[in-house]
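1. Following is a predicted model, sequence given first.
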Amino acid sequence: MGGHSIELRSDVVIKRYRSSGYGEPEREWRALELLGEHDPGLAPAPVTAELAADPPTVVMSRLDGTTVSGEIAGKLVDALAEAITGVQRSIPSGVLDRVPARAGHPVHLLSTVREWAAAATPEPATAEALRAATDWVAGPGLEARFAQPGTPVFGTGDGNLSNYLWDGTRVRVVDFEYSGRSDLAFELAEVTEHISVWENDPAGLTAVLDRFELTAEEAARLMECRRLLALYWLLRCRGEIRPAQADRMLALL
């Protein structure tokens, strides 16, 4: 979805947007302002924005830390859980109610995945998983279940592990181009099933997810959202042999 260029300076980051079809500059600036007010330090501080410029530009503070990589264990588990929770929960409900929905929604993703699944040609390494997942995604009532509102949270709209910066003590979060009001299960699924997470550590964010106490309803919705995102990545990466992704898809089913 779109793109941007980044200019790193000693104290600030300048982000110029090549695409704004999803309102990326406005979403980013809104997120920086909201998180700066309600959980300062968790995300870059907003400096200036030229949202009507060509290209639209947002200037934000430069954070310490490096992209999370390697085994997700020890202090990093708690730091990631704290950062994810901070993004999702720090904005008061009365304020969150007025925030536009994030770019992308489970129902929209379901429609995309159904189209991809119908056109996919199975490969031997992934055929069993794709068959089972295609049966699941075509099931009756799935669209209605995804259309139901989940527990409201603020969502980044992007689960890429490279958006989480670790300084050895705290994890901070960057990249809010597709952010907005979302639901807990979909946002947790977005980050736990992102392909970057599983390529980084075979255990993924399993330990991080264990830090979240969910109701039975939230847990059930999370499982369906994880299946949806896992199938999205299985189909998006078709043409590449990814038996681990196929195994994970079968496990989630």
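-> On my side now, so go ahead.
2. any low-confidence regions in this structure?
-> Counting by pLDDT under 70, the ranges of the chain that qualify are 1-2, 239, 241.
3. Now do the strands in it.
-> Using DSSP state E, the strands of the chain run over residues 4-8, 12-17, 46-50, 57-61, 66-67, 152-155, 164-166, 171-173, 180-183.
4. Save those strands as a markdown table, and put in distance to residue 225 too.
-> Every residue, glycine included, has its C-beta placed from N, CA and C. Putting those into a markdown table (distance: least, Cβ to Cβ, whole Å) gives the following:
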| stretch | distance to residue 225 |
| --- | --- |
| strand 4-8 | 27 |
| strand 12-17 | 28 |
| strand 46-50 | 30 |
| strand 57-61 | 29 |
| strand 66-67 | 25 |
| strand 152-155 | 12 |
| strand 164-166 | 20 |
| strand 171-173 | 20 |
| strand 180-183 | 9 |
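5. I'd like those as JSON lines, with distance to residue 124 and mean neighbour count appended.
-> Putting the strands of the chain into JSON lines (distance: least, Cβ to Cβ, whole Å; neighbours: other Cβ atoms under 10 Å) gives the following:
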{"stretch": "strand 4-8", "distance to residue 124": "38", "mean neighbour count": "12"}
{"stretch": "strand 12-17", "distance to residue 124": "41", "mean neighbour count": "19"}
{"stretch": "strand 46-50", "distance to residue 124": "50", "mean neighbour count": "16"}
{"stretch": "strand 57-61", "distance to residue 124": "46", "mean neighbour count": "20"}
{"stretch": "strand 66-67", "distance to residue 124": "34", "mean neighbour count": "12"}
{"stretch": "strand 152-155", "distance to residue 124": "36", "mean neighbour count": "24"}
{"stretch": "strand 164-166", "distance to residue 124": "35", "mean neighbour count": "21"}
{"stretch": "strand 171-173", "distance to residue 124": "39", "mean neighbour count": "21"}
{"stretch": "strand 180-183", "distance to residue 124": "37", "mean neighbour count": "23"}
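6. Residue 210 is nearest to which of those strands?
-> strand 171-173 (16.5 Å; Cβ to Cβ).
7. elements contacting the closest one?
-> For strand 171-173, the contact count by 3 or more Cβ pairs under 8 Å, 6 or more residues apart in numbering; DSSP states H and E identifies helix 75-89, strand 164-166 as packing neighbours.
8. Out of these, flag the one nearest residue 178.
-> Evaluated over the helices and strands packed on strand 171-173, closeness to residue 178 peaks at helix 75-89, with 13.0 Å, by Cβ to Cβ.
9. rewinding a little: return the most buried member of the helices and strands packed on strand 171-173.
-> strand 164-166 (a mean of 21; mean count of other Cβ atoms under 10 Å).
10. Just checking: what are the partner strands of that one?
-> Sheet pairing for strand 164-166, assigned by DSSP bridges, gives strand 66-67 (antiparallel), strand 171-173 (antiparallel).
11. what's the closest of those to residue 40?
-> Proximity to residue 40 (Cβ to Cβ) singles out strand 171-173 among the strands paired with strand 164-166, at 11.0 Å.
12. Can you tell me what sits against the closest one?
-> For strand 171-173, contacts defined as Cβ atoms under 8 Å, 6 or more residues apart in numbering pick out 41-44, 63, 65, 68, 76, 79-80, 82-83, 86-87, 156, 163-165.
13. Since that was my last question, I'll sign off now.
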